[in-house]
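Visitor: predicted model, plus sequence, below.
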Amino acid sequence: MTTVVPDKCSILLVDDMEENLIALEAVLGPLHQHLVRASSGEEALKAMLRQDFAVVLLDVLMPGMDGFETAANIKRLDQTKDVPIILLTGTEADTDYAYRGYAIGAADFLTKPFDPWVLRTKVGVFLDLDRKNRQLAVQAEQLRRLLASDRKPVEAAGPEERLVEIAEELAAIELQLRGTEGPDAAALADRTAKVRRAVNGLRVRHAA
């Protein structure tokens, strides 16, 4: 059975100023995703340990743990290190802010006031990437379970029926992977096709 990956992703908005969070929610509202607020770096880290996020919009200038320190902590944790971070700062920012952000591992850097269309476009890219990564993970897990189940004793179905079921499931997974962009998806699809051909070969030998 094919598992469908939900279209909605979660976006973490981190800013110590209420009006900035409201502005971000207004700009990103048309994307129809789950928007989660955090008013400090500490609160952001707690939120990221509770749930998965497709992208983090992180204000640089915050009291206590600032954006740079927060980003560094995010990148140090295995659970959150791969989540893309877009750093946001005001026009008075130092010229080395962008360099510092990229050095920490931030994916992008925007200066306030930013163009709403530009921000939505940048966030949209990371949302698409997150969906594709989740779909790929689901398909890889389906393949793993399928291959693991093939090692178990056949009870209800006979060998021929089981081989047919496996070939059909492999074909469905391969079809999904072919529609997913990225080299990892293509490589996994090729491996799936190879296993499917091997299964069909077993069917022929078993029938003979």
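Guide: Perfect, I can see it now. Residues are numbered from 1 along each chain as shown.
Visitor: list the buried ones in the lengthiest helix in the chain?
Guide: Taking DSSP state H as the criterion, the chain has its longest helix at helix 116-149. Buried residues in helix 116-149, counted by 16 or more other Cβ atoms under 10 Å: 119-120, 122-123, 126-127, 129-136, 138-140, 142-143, 146. Where you see a C-beta, it was placed from the backbone N, CA and C, and this is true even at glycine.
Visitor: what of stretch 78-87?
Guide: Neighbour counts over stretch 78-87 (16+ other Cβ under 10 Å) mark 80, 83-87 as buried.
Visitor: export the residues you listed to CSV and tack on distance to residue 20, pLDDT and secondary structure?
Guide: Formatted as CSV, the buried residues of stretch 78-87 follow (distance: Cβ to Cβ, whole Å; pLDDT from 0 to 100; DSSP: H, G, I helix; E, B strand; the rest coil):
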residue, distance to residue 20, pLDDT, secondary structure
80, 22, 93, coil
83, 20, 94, coil
84, 20, 95, coil
85, 16, 96, strand
86, 14, 96, strand
87, 13, 94, strand
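Visitor: could I get those residues in a markdown table, plus columns for distance to residue 36?
Guide: As requested, the buried residues of stretch 78-87 are exported to a markdown table (distance: Cβ to Cβ, whole Å):
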| residue | distance to residue 36 |
| --- | --- |
| 80 | 14 |
| 83 | 12 |
| 84 | 15 |
| 85 | 14 |
| 86 | 15 |
| 87 | 18 |
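Visitor: how close does residue 119 get to residue 141?
Guide: To residue 141, residue 119 is 33 Å away according to Cβ to Cβ, to the nearest Å.
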